[in-house]
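S.K.: Predicted model, plus sequence, below.
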Amino acid sequence: MAQDRGGSGVDLVELENFGNLFRPLGRYQEVGRIYSSIVRVLNMEQPPGANSLEMCTIQRSYESALEAFQISYEKQRQLNLDDKSALMVIVYNAGRSLMLLGKLNESLRALSTAASYFFGKAQRDERAHASSGEAWSIYFRVSNDIGEIHLRHNNVDQAEQNFRAAFEGQKRFLDELHPILFTIRLNMGRVCVARSLFGAANKIFEYIIASYTEWWGRHYSETMRAVAELAERHQRHGQMKVLIGDEGERET
């Protein structure tokens, strides 16, 4: 990464891509093995849990990512720049690594700090007529991740609020078919499953799978993730039917 990216012309997109923890620290081979394992499990070629060693390797990658973000944070903080955007992107990415390590409370604190900063910056930029939409875009991404934490905590109402805010906000800047919006749609489908709205969830997941398959193919990682969510929806639906019978279904 270029050394001058930490100045006033900081490339937040590159920093964010660096923090995309599904491909931590550029370790594509390790992540590729995980994706391949997911495909094999979904195709019933091997039992779940057969690659615990690979999962441990990926967890170490997340931990390495967190350490790298902490080092970057200290370096940025020492620069004492007026614009704290680069610093807050590092906080955001550290929050995501904490979330993927299962440290949800620590993650929520980091993500909330980043969200508060970018919300304020977006408003200040708009008042100064200097808004490019970048601060809003990052804020809505953070909001989506905060929704993920709330969903994992089974706080479905708050999760839905965050996901809807992220979706409506990103629509201001992105095309309806942008992959970021599909990621949030997937989360809304998960909210529907949590609310036992299986019919609505089915429509969302099938739309996402059809779109991803057309764009990238059936075995692309994001397609397989949507397939896994659809499988989870059928499993949850089946469990509910066993517990309370067909008359207890909620399909809308």
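M.R.: In hand now; what should we look at? Predicted model, so just to flag it, every value in this text is computed and none were measured.
S.K.: The helix or strand harbouring Glu148 packs against which elements?
M.R.: Assignment of secondary structure by DSSP states H and E places Glu148 within helix 134-152. If contacts are counted by 3 or more Cβ pairs under 8 Å, 6 or more residues apart in numbering; DSSP states H and E, helix 134-152 sits against helix 12-18, helix 85-100, helix 104-127, helix 156-170, helix 179-194. (C-beta placed from N, C-alpha, C; glycine too.)
S.K.: any idea of the mean pLDDT in the last one?
M.R.: Over the span of helix 179-194, the pLDDT mean works out to 94.
S.K.: All further residue positions should be reported with the first residue as 273.
M.R.: Taking 273 as the first residue, the last one we looked at is helix 451-466.
S.K.: after it comes which helix or strand?
M.R.: Using DSSP H and E, the helix or strand that follows helix 451-466 towards the C-terminus is helix 470-488.
S.K.: in that following helix, what's buried?
M.R.: Using 16 or more other Cβ atoms under 10 Å as the test for burial, helix 470-488 gives Phe470, Ala472, Ala473, Asn474, Ile476, Phe477, Ile480, Ile481, Ser483, Tyr484.
S.K.: nearest spatial neighbour of the fifth one, skipping sequence neighbours?
M.R.: Take Ile476 and drop its neighbours on the chain: the residue closest to it by Cβ to Cβ, 6 or more residues apart in numbering is Gly461, 3.6 Å away.
S.K.: and the gap between the one you found and Glu398?
M.R.: Applying Cβ to Cβ, to the nearest Å, the value for Gly461 to Glu398 is 32 Å.
S.K.: Same check on Phe412?
M.R.: Using Cβ to Cβ, one gets 14 Å for the distance from Phe412 to Glu398.
S.K.: Give me the more crowded residue out of these two.
M.R.: Set Phe412 next to Glu398 and count neighbours by other Cβ atoms under 10 Å: Phe412 wins out with 26 against 13.
S.K.: Please look at that one and Arg436 and confirm they touch.
M.R.: No. In this structure, Phe412 is not within contact of Arg436 by Cβ atoms under 8 Å, at 10.7 Å.
S.K.: contacting residues for Gly441?
M.R.: The contact partners of Gly441, by Cβ atoms under 8 Å, 6 or more residues apart in numbering, come to Trp408, Tyr411, Phe412, Ser415.
S.K.: show me what contacts the third one?
M.R.: In this case it means Phe412. Residues in contact with Phe412 (Cβ under 8 Å, 6+ apart) are Ala437, Ala438, Gly441, Gln442.
S.K.: host element of Ala503?
M.R.: helix 493-516.
S.K.: how about low-confidence regions in the stretch 273-422 of the chain?
M.R.: Applying pLDDT under 70 to the stretch 273-422 of the chain flags residues 273-342, 344-345, 348-349, 351-354.
S.K.: switch to 80 and redo it
M.R.: Residue ranges of the stretch 273-422 of the chain with pLDDT under 80: 273-355, 372, 402-404.
S.K.: circling back: would you mind giving the contacts of Gly441 as CSV with distance to Leu359 added?
M.R.: Shown next, in CSV, are the contacts of Gly441 (distance: Cβ to Cβ, whole Å):
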residue, distance to Leu359
Trp408, 18
Tyr411, 15
Phe412, 19
Ser415, 19
